[in-house]
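Engineer: model the structure of this input:
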Amino acid sequence: MSYSMALAENIDNITLRQAVKDTLKNYFTNIGSEQPIDFYSILLEEVERPMLEVLINHTHYNQVRMAQILGLSRGTLRKKLKQYGLLD
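Structural biologist: Numbering: from 1, shown residues only. Below is the predicted model of the structure:
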């Protein structure tokens, strides 16, 4: 059984923290001895864009609700949406 299949079957029992931890362990196992550079920035980009895309759908593009959910100002949210090309 693949990792993604196992994750899908146990999704109701897994916390976001555990999902991130498992994914990071898998990532570092797969890259072996290779050392990523500027990993923090890479990680933020890999997490922020899909998070924003999910929230766009969840809130039907209501930026006020998105900002409230994220605990950001609307201006900061708009900056991030623009950064990822997600403004309509």
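Engineer: how close does the residue nearest the centre of the chain get to residue 38?
Structural biologist: In the chain, the residue lying closest to the centroid (Cα atoms, centre = their mean) is residue 47, at 2.5 Å. The gap separating residue 47 from residue 38 is 15 Å, by Cβ to Cβ, to the nearest Å. C-betas here are computed from N, CA, C, even on glycine.
Engineer: top helix in this structure by residue count?
Structural biologist: Using DSSP state H to define each element, the chain has its longest helix at helix 39-59.
Engineer: so where do the helices sit in this structure?
Structural biologist: 3-9, 16-31, 39-59, 63-70, 74-83.
Engineer: rewinding a little: buried ones in the longest helix of the chain?
Structural biologist: 49, 52, 55, 56 (16 or more other Cβ atoms under 10 Å).
Engineer: show the model's pLDDT score for the residue nearest to the centre of the chain.
Structural biologist: Residue 47 is assigned a predicted lDDT (pLDDT) of 94.
Engineer: what is the burial count for residue 67?
Structural biologist: Neighbours of residue 67 under the rule other Cβ atoms under 10 Å: 19.
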